[in-house]
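Engineer: need coordinates for the below:
(2 chains)
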Amino acid sequence: MIQLREIAHSRTGDKGEHSNISVIAHDPADYPFLKEHLTAALVAETFAPILGGPVERYEIEALGALNFVLRHALGGGVTVSLALDAHGKCLASAMLAITLPGPAPASP
Amino acid sequence: MTTLRIGSGAGYSGDRIEPAVELAEKGGISYLVFECLAERTIAIAQEARLADPEAGFDPLLEDRMRAVLPACRKNGIRIISNMGAANPEAAARATLRVAAELGIAGLRVAAVSGDEIREALVAGGHPLIETGRPAAELGDRLVSANAYLGAGPIVEALAAGADVVLTGRVADPSLFLAPMIREFGWAMDDWERLGRGTILGHLLECAGQVTGGYFADPGIKDVPGLARLGFPIAEIGPDGNGTITKVAGSGGMVTTATVKEQLLYEVHDPVAYLTPDVTADFTGLRVTQEGPDRVRIEGGSGRAAPATLKASVGYVAGWRGEGQISYAGPNARARAELAREIVRERFALTGLAAEELRFDLMGVDSILAGMSPPGEPAEVRLRVAGRCASAAAARRIGNEVEALYTNGPASGGGAVKSSGRIVAMRSALVPRDAVRPRMTMVTL
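Structural biologist: Predicted structure coming up:
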């Protein structure tokens, strides 16, 4: 098993009540592995406690990156949410804690 | 012009001031752009303007102008910013007054307005995206409605010779795209170049977030000098491809990793990144390190701009109240959990009318509840937050938490409470002909 943070980095953004979390391979050689294992279903399972809608996955081959959009994950949006982290800025940390069946091809 | 250099002087309203001064003095830039207008800020600014006709612009505008105008004047740098918020004309007058104080004569300051569309939104019966219901149903709770303008009116201001352009609601990347259109003479339907310029604008709009801010993870992703983080510069060619860099010797770093994280920040479909100017497409992007703190971005593209404009709609959504108190040392978590139960019971006993309540144990489950296994913390802070229809009900939330001092578990400390009105935001799509941008050259 391998923790996502060993092979990728991540950043969270917010737009209304939707969150997007990018996952970018440190080494582009690991991108096919990410693409195979880090599915929208797995991400939806991880973020189930906050999800109010589906998870969409976008593949950006040229950047060695996946972009996940978590629909209705921000409790009505930054401006009404009562959450301490209303923007969901910390969510990338939960993403990087996901474990995948390893080892990844380019992992050290 | 062969290469245009644009600096990004702020990524949000409260951002640090010195990095912009560093860019103006040492950045070799022709334009300095400040993105300072969060979604909700314009609604609050609109209320300020209603109370005072000369108010409603960014509270740090004068401080920022005082800091950068001398170096911008000396080096021939033009300034573009959405610090005009709900009152770009008043912001322009405030800027002219700062210039006069500094002994800067002949500064040409333009205001771009017309983003305010409250009447048109109500009259047009346009529905809110989130609810599908007409905005008019918000009644007197409706505070503001502002359409996102594109680069066009800023280009017009630059063509008219403005040294400073102050706007209200404009799409963030458009603030950066405007000087590219002006300097390179791009057509407003040259989708490929507008797409590339928009991608560079998107990379610049959050300032330090592309030069190492919001990136560091000690031992894994180390970033030098975050206390003196340098803000980004884009070097753009006539084809719209460009390089992101920063002032030599400033803190932070520009790497393919910092650039890729910011590329996807607040992006949904990377094939269709929508702005009022273009539908930008990230598919063919190549991001390469061409030197220390220099990352090349090329190969982006674009398609026709969306038919409608997005508008953000501000409305009053009741009142929020909050209270916090800490417990520490052995059994801290159990005492915080007891405190939480006491507050819950108090709300039930006293009949608190709340639309939504939230109880967090900070240090245990306040951020990633159910997504990350909690450990046994050395300190726990109870946080209770709620949304209520009345100010009085909202205030009671913090009061009940504070009352744990004398009525709650042992050794509770550091209680704080707050309450305030909630101005919330929704969105709508409006036809382009409902929006009439205006550019005015302002004099005192």
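
Engineer: how far is the helix or strand harbouring B:Leu175 from where the chain is centred?
Structural biologist: Here B:Leu175 sits within helix B:172-184, counting by DSSP states H and E. With Cα atoms, centre = their mean, to the nearest Å as the basis, helix B:172-184 stands 18 Å off its chain's centre.

Engineer: tell me the buried residues in it?
Structural biologist: B:172-184 (16 or more other Cβ atoms under 10 Å in any protein chain shown). Every residue, glycine included, has its C-beta placed from N, CA and C.

Engineer: got it, and stretch B:97-113?
Structural biologist: For stretch B:97-113, by 16+ other Cβ under 10 Å, it's B:98-99, B:104, B:107-113.

Engineer: tell me which residues form a beta bridge with B:Ser312?
Structural biologist: B:Asn146, B:Ser427 (DSSP bridges).

Engineer: count of residues packed around it?
Structural biologist: Residues lying near B:Ser312 (other Cβ atoms under 10 Å in any protein chain shown) number 21.

Engineer: leaving out chain neighbours, which residue sits closest to the residue lying farthest from the centre of chain A?
Structural biologist: For chain A, the residue at maximal distance from the C-alpha centroid (Cα atoms, centre = their mean) is A:Val80, at 23.3 Å. Once flanking residues are discounted, A:Val80 sits nearest to B:Ala424: 4.5 Å by Cβ to Cβ, 6 or more residues apart in numbering or on different chains.

Engineer: in contact with residue 44, which residues?
Structural biologist: No chain specified, so I'll use chain A. Going by Cβ atoms under 8 Å, 6 or more residues apart in numbering or on different chains, A:Ala44 touches A:51, A:54-55.

Engineer: oops, I was thinking of chain B
Structural biologist: B:314, B:423.

Engineer: name the element it belongs to?
Structural biologist: helix B:41-51.

Engineer: list the buried ones in the following helix or strand past that helix?
Structural biologist: Next along the chain after helix B:41-51, taking DSSP H and E as the criterion, comes helix B:61-75. Within helix B:61-75, the residues that count as buried by 16+ other Cβ under 10 Å are B:61-62, B:64-65, B:67-73.

Engineer: which of those lies closest to chain A?
Structural biologist: B:Leu61 (22.8 Å; Cβ to the nearest Cβ).

Engineer: just to check, the closest one is in contact with B:Arg93?
Structural biologist: No. B:Leu61 is beyond contact range of B:Arg93, at 10.8 Å (criterion: Cβ atoms under 8 Å).

Engineer: report the buried residues of stretch B:272-288.
Structural biologist: Those would be B:273-282, B:285, B:287, for stretch B:272-288 by 16+ other Cβ under 10 Å.

Engineer: does it reach chain A?
Structural biologist: Yes. Judged by Cβ under 8 Å from any Cβ of the partner chain, stretch B:272-288 comes into contact with chain A through B:282-287.

Engineer: so which of these sit within strands?
Structural biologist: The strands, defined by DSSP state E, take in B:286-287 from the residues of stretch B:272-288 next to chain A.

Engineer: wait, which of the residues of stretch B:272-288 next to chain A is closest to B:Gly152?
Structural biologist: Nearest to B:Gly152 out of these is B:Phe282 (Cβ to Cβ; 23.4 Å).

Engineer: how about the closest one: what's its closest non-neighbour residue?
Structural biologist: Once flanking residues are discounted, B:Phe282 sits nearest to B:Pro270: 3.9 Å by Cβ to Cβ, 6+ apart.

Engineer: cool, B:Leu128 as well?
Structural biologist: B:Arg426 (4.5 Å).

Engineer: likewise A:Phe47?
Structural biologist: Per Cβ to Cβ, 6+ apart, closest to A:Phe47 is A:Leu70, 5.7 Å.

Engineer: helix, strand, or coil at B:Arg381?
Structural biologist: strand (DSSP: H, G, I helix; E, B strand; the rest coil).

Engineer: ok, back up a step: can I get the buried residues of helix B:61-75 in JSON lines including pLDDT and distance to chain A?
Structural biologist: Formatted as JSON lines, the buried residues of helix B:61-75 follow (pLDDT from 0 to 100; distance: Cβ to the nearest Cβ, whole Å):
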{"residue": "B:Leu61", "pLDDT": "98", "distance to chain A": "23"}
{"residue": "B:Glu62", "pLDDT": "98", "distance to chain A": "27"}
{"residue": "B:Arg64", "pLDDT": "98", "distance to chain A": "24"}
{"residue": "B:Met65", "pLDDT": "98", "distance to chain A": "28"}
{"residue": "B:Ala67", "pLDDT": "98", "distance to chain A": "28"}
{"residue": "B:Val68", "pLDDT": "98", "distance to chain A": "28"}
{"residue": "B:Leu69", "pLDDT": "98", "distance to chain A": "32"}
{"residue": "B:Pro70", "pLDDT": "98", "distance to chain A": "35"}
{"residue": "B:Ala71", "pLDDT": "98", "distance to chain A": "32"}
{"residue": "B:Cys72", "pLDDT": "98", "distance to chain A": "30"}
{"residue": "B:Arg73", "pLDDT": "98", "distance to chain A": "36"}
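
Engineer: how about the buried residues of stretch B:97-113 in TSV, adding pLDDT and distance to B:Gly219?
Structural biologist: Formatted as TSV, the buried residues of stretch B:97-113 follow (pLDDT from 0 to 100; distance: Cβ to Cβ, whole Å):
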residue	pLDDT	distance to B:Gly219
B:Val98	98	45
B:Ala99	98	48
B:Ile104	97	48
B:Leu107	98	48
B:Arg108	98	51
B:Val109	98	48
B:Ala110	98	48
B:Ala111	98	48
B:Val112	98	46
B:Ser113	97	49
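
Engineer: and these, which two are furthest apart?
Structural biologist: B:Ile104 and B:Ser113 (23.9 Å).

Engineer: on that earlier part again, what is the nearest of the residues of stretch B:272-288 next to chain A to chain A?
Structural biologist: B:Leu285 (5.3 Å).
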